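**Student:** Sequence below, structure please.
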Amino acid sequence: MAPSPSSPALRDPLALVGGAVVVGALSWPWWQPGAEALVGAVALAVIAGVGRRRRAAWAALGVASLLLGAAATGLQPRGTAPEHLTAAVAAVRGGRPVLRLPGGGVLLGTGEALAPGQVVAAWLGDRTPPARLPGEPGGARDDLRAAVQPARLREAIVLADPNAVVGGPGDTRLGLAQHAGLLRALALGRRDGIDEPTRALLRRTGTAHLLAISGMHVGLLAAVASGLGWLLGRPLALGRAWRLARWLPPLSGSAAAVAYAALVGSPASARRAAVMVVVAAFTVLAGRRPRAWTVLGIAAGGLTLVEPGIVGDLGFQLSFAAVAGMVLVVPRFTRLIPPDRPRWQTWLAGSLAATAGATAGTLPLSALHFQQLSPLSPLANLVAAPLVGGVAVPAAVAALVLPGAPGLLCVAVADAAVDLSLRWLSLLDGPSWAPAVGPAGALLLGGGLLLRKQPAAAAGLAILALGLRLFPANRLVVTFLAVGQGDAALVEFPDGRRWLVDGGPPSDRVLRYLRRRGIRHLDAVVLSHAHPDHIGGLQPVLESLAVDALWVPRPPQADQATYLDLWRTSFARGVPVHLPDDPAPTDVIVEHPRHRWRDPGRDEVNEESLVLRLVHGRHSVLLTGDVEEDAEATLARTQPPATLVKAAHHGSHSSSSLPFVRAVQPAVVVIPAGRDNAFGHPRAITLARWTFLGEGRPRARCGPDDADGWARCRPLVLRTDRDGTVQWSSDGQRWRLRTWRVHGGWRDRTPADRRPTLPGPLALRDR
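**Tutor:** Numbers count the residues shown, from 1 in each chain. Modelled structure (predicted):
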């Protein structure tokens, strides 16, 4: 539907152009037009110019811009780089180092804090993005970056670090301050010196954006520079140089914005702000009043055409979303303030409205990526934002360039402003909310923001996005999460109980997945054994969600620090701890280790993994932890066949022993493993054991229906590194199987619907 004559798109055509260019760039990789898109864009632009203000002309202009954005991404050169190289860092663009080679520059992904002038030995990795969990953000962004960037930095060792790198004497001067780490982050974009308690305080109070070189910093610095330009231009205005006096404020503000953005490495938000300042300045010089949507559209479209991959940068998205939220919200607030109110009241209302607008604009992205929102964020930013952006940032930047006593005075001023801000935030410190949505929920929240003139509809969309959750399906559902080289499985019982078995490597990915599913309570958390790839993600879960019980194979030992922390957390939160010999629910059978079983070999931790059998009707699921040959030999003597088995130890050659494989005879085998992991898991011999040694399997276990023929009974082997997240479910009689991957979504893998494609001997040898 074409926009109405009163819509912002018709009043600000450049906003329509910029937004359509961004959408076109974001459409990759789902839509990949070639050079013909440029021809179509030119043709439609001509139609738009001829049609002038007709609705068809506006539609043609939007489609032309859409094609232009898509073509800009598709026509980016796909550079190549050697696996290993030694070169100097020529520049840092958007937080990413550029190594200068004879054949052209190589833009590297983030991963190391490098600075111009450093000579590094770099090892480059492939551009294949990691596996994602259902609803986890980043898949399209990773693919977009992989398409428009030549290489991903895997590791870098600094060979030479010239003294001219990072600020020189000014950087040393900042090191004298009490909050040196924060000042370096504000002035130079280096956040490696900020301690974790300070980061946590900023996150809880909704002021973490102050750590980043945001558009607010650039804008306030440009405002300060414009003010200085105005003061310097007053004597000129009294003489005959009034035109120069008129030009001095916008030009000085633009110069300060561009210089500061370049100084801090030109992150996306700084580039956005610098472009907006320059566009607004030239609009003023042209004798016209800048319109917010026009300036925003020019900045978005221009940056996207120059570097299409920037639209996949979270900083770019947050920066433009915050400004769009302020443009949408602030005018509606300020209209309510009577013109005869004192100036301080107008300023207070405008500041609160700006913070509320930025929070509303970034809420969809925050709920999708961070799942953290402070209810006191507007109040915290009311004081902290002006102190940091208006005082600390200009003073810290001045400290980098001013010599002697003036530079030291600027350091003291910046340090005092930061200290006062932290004291204010400490007063407002408290628990934060955890809004969590998937991509669909984020779109609903964004739609609610656009319906600002219909508050009831906007509130309905927000409630739907944050409250829409899946309910128990009266089935046993086991979801093996693709968390890399580690194990994590969510078990949902028919009666609504939910158990989490292991948490994967250290991260909060599993916690965020549970929140996106609307899970705030777990009936039990199971730790199979205390290795980092199983226990790593459980600490955030135990700290953030309500947990009724913790099952472990045995108490921690003195040298198991991570396990001891988890043990202390469970006691601090009143979570009862259960050992293998404790009574369990009737549909959960603890198979191992029982009756104080001890491993006779060397790998005690793996061999003592907690092994669970989940039973529902005719079918059962065997979760094996990382048990190896000794434990499997014990299990093989007692285990009945299972419908699904999680292969132990990620498909290691020391697990999945022949007697165990023949004893359990599964219809489905799931192997959790990380993509291109250093251990070579799963091993070819392990895949061969599961795939080709299945003769004699009972027919009833071959699929949801009884099947005839040995070939039909061969097990389906799935791997999280290639198949993504795997979900098995059963109503007690029939079972279903599906996998989830980015872009492809959920795919049915039930053998009744499609005969499983099994790797042949040649494919196994290739692995």
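**Student:** sec struct for Gly589, please.
**Tutor:** Just so we're on the same page, residue 589 is Ile rather than Gly. Under the three-state scheme (DSSP: H, G, I helix; E, B strand; the rest coil), Ile589 adopts strand.
**Student:** Test for you: state the pLDDT assigned to it.
**Tutor:** Looking at Ile589, its pLDDT stands at 94.
**Student:** Using CSV, write out the CA atom coordinates for the helix or strand containing Arg662.
**Tutor:** Using DSSP states H and E, Arg662 sits within helix 658-664. Output of helix 658-664 as CSV, limited to C-alpha atoms (Å, rounded to 0.1, in the frame of the first residue of the first chain):
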residue,chain,number,x,y,z
LEU,A,658,30.7,-51.9,20.5
PRO,A,659,29.0,-53.9,23.3
PHE,A,660,27.2,-50.7,24.4
VAL,A,661,26.0,-49.9,20.9
ARG,A,662,24.7,-53.4,20.4
ALA,A,663,22.9,-53.3,23.7
VAL,A,664,21.0,-50.0,23.3
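**Student:** helix or strand right after that helix?
**Tutor:** Sequence order places strand 668-671 as the next helix or strand after helix 658-664, per DSSP H and E.
**Student:** contact partners of the helix holding Arg662?
**Tutor:** 622, 632-633, 635-637, 639, 641-642, 645, 689-690, 693, 696 (Cβ atoms under 8 Å, 6 or more residues apart in numbering). Glycine gets a C-beta too; all of them are placed from N, C-alpha and C.
**Student:** who's in contact with the residue positioned nearest the centre of the chain?
**Tutor:** Closest residue to the average C-alpha location of the chain: His369 at 4.9 Å, with Cα atoms, centre = their mean. For His369, the contact set (Cβ under 8 Å, 6+ apart) comprises Pro137, Leu314.
**Student:** ok, now how distant is it from Arg512?
**Tutor:** Distance, His369 to Arg512, using Cβ to Cβ, to the nearest Å: 9 Å.
**Student:** burial count for Thr198?
**Tutor:** Thr198 has 17 neighbours, counted by other Cβ atoms under 10 Å.
**Student:** follow-up on the earlier one: what is the nearest of the contacts of helix 658-664 to Leu305?
**Tutor:** Using Cβ to Cβ, Trp690 is the member of the contacts of helix 658-664 that lies nearest Leu305, at 50.9 Å.
**Student:** Isn't the closest one up against Val717?
**Tutor:** Yes - between Trp690 and Val717 a contact is recorded at 5.4 Å, counting by Cβ atoms under 8 Å.
**Student:** shared neighbours of the two, which are they?
**Tutor:** Residues touching both Trp690 and Val717 (Cβ under 8 Å, 6+ apart) are Val669.
**Student:** Comparing those two, which residue is more hemmed in?
**Tutor:** Higher neighbour count among Trp690 and Val717: Trp690, with 24 against 21, using other Cβ under 10 Å.
**Student:** I'd like the distance between the more buried one and Glu632.
**Tutor:** For Trp690 relative to Glu632 (Cβ to Cβ), the value is 13 Å.
**Student:** Quick check: neighbours shared by the two?
**Tutor:** Residues touching both Trp690 and Glu632 by Cβ under 8 Å, 6+ apart: Ser656.
**Student:** quick one: the strands in the stretch 151-300 of the chain?
**Tutor:** In the stretch 151-300 of the chain, the strands defined using DSSP state E, counting those that start in this stretch lie at 152-160.
**Student:** Could you list the low-pLDDT ranges of it?
**Tutor:** Along the stretch 151-300 of the chain, segments meeting pLDDT under 70 span 151-172, 189-192, 211-217, 236-243, 264-265.
**Student:** if you set the cut-off to 80 instead, what comes out?
**Tutor:** Low-confidence segments of the stretch 151-300 of the chain (pLDDT under 80): 151-176, 184-194, 208-221, 223-224, 229-230, 232-247, 260-271, 286-288.
**Student:** Which parts of this structure belong to which domain?
**Tutor:** According to automatic domain parsing, the chain comprises the domains 8-74, 84-165, 215-306, 476-766.
**Student:** And the longest one, how far out from the chain middle?
**Tutor:** It stands for domain 476-766. Remark: domain 476-766 is offset 26 Å from the chain centroid, using Cα atoms, centre = their mean, to the nearest Å.
**Student:** got the contact list for the closest residue to Pro576 other than its chain neighbours?
**Tutor:** Nearest residue to Pro576 in three dimensions, chain neighbours excluded: Ala549, at 5.5 Å (Cβ to Cβ, 6 or more residues apart in numbering). By Cβ under 8 Å, 6+ apart, the contact list for Ala549 reads Asp523, Ala524, Val525, Val575, Pro576, Val577, His578.
**Student:** A helix includes the third one, no?
**Tutor:** Pointing back at Val525 there. No - Val525 is assigned strand when assessed by three-state DSSP, not a helix.
**Student:** Read off the pLDDT value for it.
**Tutor:** pLDDT recorded at Val525 is 97.
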